[in-house]
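In: sequence first, then the predicted structure:
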Amino acid sequence: MHSLTRTEDHHAARSLTGVVAGLVIWALVNSQLTSFSAWVVAIAAIPPGTRLYDAVAFFAYDTPKILLLLTLIVFAMGVVLIRVPMYSNAAGIIPVVEALLGKGAAVGILTVGFLFNALFN
């Protein structure tokens, strides 16, 4: 059985605190997307009920939502790649990620994973 040293325990607590804080911020931003969309169309002074109003409202809501979801997925995969021992060998998981998500997503996930590793190790 492996016992954590005081430094490892502090490091784990700091990592967990950062992840929880990031998820809380993510949830708060995500919960405000409807208000943000309404604010954007109000600022643009587009008459409600028109196709332009609907298009701008849709764009202002969905673009940040997609970016938030992609950020969450990339961060989660980075954590899995670095923290889960089975996947800590990134070279072994690259073909799997490329097959599932494409080459660009694999590069992004690996980059975030290595940055996560550099920040929290």
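Out: That came in fine, so what should we check first?

In: quick one: secondary structure of residue 39?
Out: Each residue gets one of three states, and residue 39 gets helix by DSSP: H, G, I helix; E, B strand; the rest coil.

In: measure it to residue 51 for me?
Out: For residue 39, the distance to residue 51 equals 20 Å [C-beta to C-beta, to the nearest Å]. Every residue, glycine included, has its C-beta placed from N, CA and C.

In: residue 44 and residue 18: what is the separation?
Out: Taking C-beta to C-beta, one finds residue 44 at 37 Å from residue 18.

In: kindly report the same for residue 41.
Out: Applying C-beta to C-beta to residue 41 and residue 18 gives a distance of 35 Å.

In: cool, residue 62 as well?
Out: Separation of residue 62 from residue 18 (C-beta to C-beta) stands at 28 Å.

In: residue 55 now?
Out: Residue 55 is 38 Å from residue 18, by C-beta to C-beta.

In: next one: residue 77
Out: For residue 77, the distance to residue 18 equals 17 Å [C-beta to C-beta].

In: pLDDT (mean, whole number) over the strand or helix carrying residue 14?
Out: Following DSSP states H and E, one finds residue 14 within helix 6-31. Mean per-residue pLDDT for helix 6-31: 77.

In: re the thing from before, neighbour-wise, which of residue 77 and residue 18 wins?
Out: Remark: of residue 77 and residue 18, residue 77 carries more neighbours, 22 against 13, as counted by other C-beta atoms under 10 Å.

In: all helices of the chain, in order?
Out: Using DSSP state H, the helices found in the chain span residues 6-31, 33-43, 51-83, 90-101, 103-120.

In: for the third one, packing partners?
Out: Using 3 or more C-beta pairs under 8 Å, 6 or more residues apart in numbering; DSSP states H and E as the contact definition, the elements that helix 51-83 packs against are helix 6-31, helix 33-43, helix 90-101, helix 103-120.
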